[in-house]
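Engineer: Following is a predicted model, sequence given first.
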Number of protein chains: 2
Amino acid sequence: MQLAQLGELGLIRRLEAALQGQVAGRSILGVGDDAAAFPPPHTWVLATTDSLVEGADFHLGQVSWADLGWKSLAVNLSDIAAMGGVPQYALVALCLPASVEVSAVDALYQGMLEAARSFGVTIVGGDLSASTQVVITVTLLGSQPEGWDGYDGLMRRDGAQPGQQVAVTGALGASAAGLRMLTRGERFDAETEALLRRFHFRPLPRIAEGQTLLRAGVRCAIDVSDGLLRDLGHLGHASGVDVVIQADLLPVSEAVRRAYPQGWRELALAGGEDFELLCAAPSTALERARRQMDTPLTVIGHVTGPGSGRITVLDAESREFHLESAGWDHFRS
Amino acid sequence: MQLAQLGELGLIRRLEAALQGQVAGRSILGVGDDAAAFPPPHTWVLATTDSLVEGADFHLGQVSWADLGWKSLAVNLSDIAAMGGVPQYALVALCLPASVEVSAVDALYQGMLEAARSFGVTIVGGDLSASTQVVITVTLLGSQPEGWDGYDGLMRRDGAQPGQQVAVTGALGASAAGLRMLTRGERFDAETEALLRRFHFRPLPRIAEGQTLLRAGVRCAIDVSDGLLRDLGHLGHASGVDVVIQADLLPVSEAVRRAYPQGWRELALAGGEDFELLCAAPSTALERARRQMDTPLTVIGHVTGPGSGRITVLDAESREFHLESAGWDHFRS
């Protein structure tokens, strides 16, 4: 059955039923009214919004609806992680063609609810519209972790200081490697293919790691969504500093090096959607954080001095490394 | 200049500059970081999201970008009004084709900021994506009015009781009349045309009226966005009651009656986007509210008894009035 047969009201009732279980016994007003309502956090409110757009961010032939649901929440979770925050409530605005199958929307919500449950989020509201292109916009609200409050209890983009080290969680380039494999139709062994697909479609937001970094004393972070160089550029620009990174220090998984023996360095530098956390902090804070988390935290460079956000990449022989593409821009082709 | 030339980063910098003035001197973290951050309200948080989609909700040839900006915020303000709430912070997710002119985005934000200033809202964050279709998704956060808190300090859809009166603020059908005029290319005198355009493109959310209704003791309301009958159906369904309304009591402006002498009753019953508040309450509460607001508050019917949300419309001779269309469904054509 397509949405055109079920109708808007039918779909609303169906989604209300799917979301009902989440709020049972909790004192909040969830889906089904003009607005959602819930108790305020004891800290500042964190709020972020992000859209996934068919044709730009995904292609329906490549991604399952469940993965799309997971990812639409994950990209927002990653923004809360980059602030060191605790995610709490989500609102979902769906734009769907009337020809979409009802079962596809069910799967989309299953994926979204899986991500929501995994990270303690309740989906409290939303909106449905008919469109020619699938657009999924999630707004995610959160709080600061217990014991933190206000402007100083956040990791911001503008906090990098000359002399600080620059570090990144996890590994880079795997999501972009997955996208490259799908776009070019390349084949690898089954395990590598599954891994790369998973990195691209089921990114793991670094929620716990963000809070650990904050508690360890890190005050400057951004998530890697547009690509390492571009996001480091945002951080440098906001902080008014320049940064040098060393290409041979970049953490890149074995699967990515194996699949792209020539291209992995470029994937790690310019590939988007890693959703790792990139931070600048004194080495003591990074040391403290490293002791408190299982996820790798790799120093890849340092803040050189005041500047306009210029990022220099050096190779193993300290020569400047040049890159053809510097990351993702939504409006330039 | 088109967005394709300016690029995403250029547009972000431009919007950051446009939004900067709003937050000067306030202790919040606005646009420019991974998430916005601001102090929590002293009450429950109210949250709503709503998209305007090109081709479904508007046509670029008909509406100015500034009006589109105003309306994208207004439709969300109306949802906060329907809860009796106070709007505070907005996040804006924009999906735009790369061919859109930069000046169009400037105008869009001017209209949005005009609505924001008019109703005390600060735009604290957003997201930009490239798309083939313009989609504007606003998420609006608010609080309960001073002196109110928690589940009982809200107007909800599910609070209607048998015997209560049903009333509506302002006048109905004017937005739909404007849309009909534009769609059919009909011409009227200049004043009527200007009025109908304004009703359709610059709706006035009933923020103050919503708070007045709440303070006066009203606990059940919804805003008229899908059309009176359909929204009253939502309210009746959520409350488990049936409702009778009298067509000759419907408040309809002179301009609409003049422009559509045959069709105004249908426009008032089924036309969407009036953004008036529709409520069910004891007559004493409505009396109290009426004394405290300048906006008309018209009783149009009453809650008959328990039921499944059946709405009966009676004409002046108490005969049942039948309508061809019962309001807007996004997925049915």
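Structural biologist: That came through fine.
Engineer: in stretch A:48-68, what's buried?
Structural biologist: A:48-54, A:56-58, A:63, A:65-68 (16 or more other CB atoms under 10 Å in any protein chain shown). The way it works is simple: take the backbone N, C-alpha and C, and place the C-beta from them, glycine included.
Engineer: How far does it sit from its chain's centre?
Structural biologist: Centre-to-centre, stretch A:48-68 and its host chain are 13 Å apart (CA atoms, centre = their mean, to the nearest Å).
Engineer: What's the mean pLDDT across it?
Structural biologist: Across stretch A:48-68, pLDDT averages out at 95.
Engineer: For that stretch, output the C-alpha coordinates as CSV.
Structural biologist: The C-alpha coordinates for stretch A:48-68 follow below in CSV (Å, rounded to 0.1, in the frame of the first residue of the first chain):
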residue,chain,number,x,y,z
THR,A,48,20.4,21.0,16.7
THR,A,49,18.7,20.3,13.3
ASP,A,50,19.9,18.4,10.2
SER,A,51,18.2,17.3,7.0
LEU,A,52,19.0,14.3,4.8
VAL,A,53,18.0,15.0,1.3
GLU,A,54,17.4,12.4,-1.4
GLY,A,55,19.8,12.8,-4.3
ALA,A,56,22.2,14.9,-2.3
ASP,A,57,22.7,12.9,1.0
PHE,A,58,21.5,9.5,-0.1
HIS,A,59,20.0,7.5,-3.0
LEU,A,60,17.0,5.3,-2.4
GLY,A,61,18.4,2.5,-4.5
GLN,A,62,21.5,2.3,-2.3
VAL,A,63,20.3,2.7,1.3
SER,A,64,17.6,0.7,3.1
TRP,A,65,14.8,2.7,4.7
ALA,A,66,15.8,1.4,8.2
ASP,A,67,19.4,2.6,7.7
LEU,A,68,18.1,5.9,6.5
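Engineer: Chain B contacts on the stretch 101-250 of chain A?
Structural biologist: Within the stretch 101-250 of chain A, the positions near chain B by CB under 8 Å from any CB of the partner chain are A:124-133, A:135, A:137, A:139-142, A:150-151, A:154, A:156-158, A:221-223, A:238.
Engineer: Contact partners for the nearest residue to residue A:141 once chain neighbours are set aside?
Structural biologist: In space, and not counting its chain neighbours, residue A:141 is closest to residue A:89: 4.5 Å by CB to CB, 6 or more residues apart in numbering or on different chains. Applying CB atoms under 8 Å, 6 or more residues apart in numbering or on different chains to residue A:89 gives the contacts A:36, A:38, A:121, A:122, A:123, A:124, A:140, A:141, A:142, B:45, B:47.
Engineer: In which helix or strand does residue A:89 reside?
Structural biologist: In this assignment (DSSP states H and E), residue A:89 forms part of strand A:86-96.
Engineer: Just the residues contacting the helix or strand following that strand, thanks.
Structural biologist: Downstream of strand A:86-96, the next assigned helix or strand under DSSP H and E is helix A:102-118. With CB under 8 Å, 6+ apart as the test, helix A:102-118 has contacts from A:1-3, A:6, A:11, A:14-15, A:18-19, A:22, A:64-74, A:77, A:90, A:92, A:94, A:96, A:121-123, A:136, A:138.
Engineer: cool, stretch A:290-303 as well?
Structural biologist: Contacts for stretch A:290-303 (CB under 8 Å, 6+ apart): A:160-171, A:206, A:208-209, A:212, A:215-216, A:236, A:239, A:241-246, A:249-251, A:280, A:283, A:286, A:289.
Engineer: Restricted to helices, list these.
Structural biologist: A:208, A:209, A:212, A:215, A:216, A:236, A:239, A:283, A:286, A:289 (DSSP state H).
Engineer: my read: residue A:230 touches residue A:270, true?
Structural biologist: Yes. Here residue A:230 reaches residue A:270: they are 7.5 Å apart, a contact under CB atoms under 8 Å.
Engineer: what's the angle between the strand holding residue A:89 and helix A:207-216?
Structural biologist: 140 degrees (axes from the mean of the first three to the mean of the last three CA atoms, to 10 degrees).
Engineer: Figure out how far strand A:86-96 is from the centre of its chain.
Structural biologist: Offset of strand A:86-96 from its chain centre (CA atoms, centre = their mean): 14 Å.
Engineer: Could you list the paired strands of that strand along with their orientation?
Structural biologist: Its sheet considered, strand A:86-96 pairs with strand A:122-130 (parallel), strand A:135-143 (antiparallel) by DSSP bridges.
Engineer: Verify the stated contact: residue A:48 with residue B:93.
Structural biologist: No. Using CB under 8 Å, residue A:48 makes no contact with residue B:93, being 10.1 Å away.
Engineer: intersection of neighbour lists for those two?
Structural biologist: Contacts common to residue A:48 and residue B:93, judged by CB under 8 Å, 6+ apart, are residue A:139.
Engineer: that older thread, reformat the contacts of residue A:89 into JSON lines and put neighbour count and distance to residue A:308 next to each item.
Structural biologist: Shown next, in JSON lines, are the contacts of residue A:89 (neighbours: other CB atoms under 10 Å in any protein chain shown; distance: CB to CB, whole Å):
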{"residue": "A:36", "neighbour count": "29", "distance to residue A:308": "41"}
{"residue": "A:38", "neighbour count": "22", "distance to residue A:308": "42"}
{"residue": "A:121", "neighbour count": "26", "distance to residue A:308": "37"}
{"residue": "A:122", "neighbour count": "20", "distance to residue A:308": "41"}
{"residue": "A:123", "neighbour count": "25", "distance to residue A:308": "40"}
{"residue": "A:124", "neighbour count": "26", "distance to residue A:308": "41"}
{"residue": "A:140", "neighbour count": "30", "distance to residue A:308": "31"}
{"residue": "A:141", "neighbour count": "31", "distance to residue A:308": "33"}
{"residue": "A:142", "neighbour count": "30", "distance to residue A:308": "31"}
{"residue": "B:45", "neighbour count": "27", "distance to residue A:308": "38"}
{"residue": "B:47", "neighbour count": "28", "distance to residue A:308": "37"}
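Engineer: closest to residue A:181 among these?
Structural biologist: residue A:140 (29.0 Å; CB to CB).
Engineer: Contact partners for that closest one?
Structural biologist: A:47-49, A:73, A:76-77, A:79-80, A:87, A:89-90, A:121, B:35 are the contacts of residue A:140 under CB under 8 Å, 6+ apart.
Engineer: Check residue A:70 too.
Structural biologist: By CB under 8 Å, 6+ apart, the contact set of residue A:70 is A:111, A:112, A:114, A:115, A:201, A:202.
Engineer: and these, which are buried?
Structural biologist: Of the contacts of residue A:70, these count as buried by 16+ other CB under 10 Å: A:111, A:112, A:115, A:201, A:202.
Engineer: Pull the most distant pair out of those residues.
Structural biologist: Among the buried ones among the contacts of residue A:70, A:112 and A:201 lie farthest apart (CB to CB), at 13.4 Å.
Engineer: can you count the residues close to residue A:94?
Structural biologist: By other CB atoms under 10 Å in any protein chain shown, 25 other residues sit near residue A:94.
Engineer: quick revisit: in a markdown table: the contacts of residue A:89, plus distance to residue A:274.
Structural biologist: A markdown table is the format used below for the contacts of residue A:89 (distance: CB to CB, whole Å):
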| residue | distance to residue A:274 |
| --- | --- |
| A:36 | 31 |
| A:38 | 32 |
| A:121 | 21 |
| A:122 | 27 |
| A:123 | 25 |
| A:124 | 29 |
| A:140 | 19 |
| A:141 | 24 |
| A:142 | 21 |
| B:45 | 31 |
| B:47 | 29 |
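Engineer: least trustworthy helix or strand in chain A by mean pLDDT?
Structural biologist: For chain A, using mean pLDDT, DSSP states H and E, the weakest element among its helices and strands is helix A:3-23, scoring a mean of 88.
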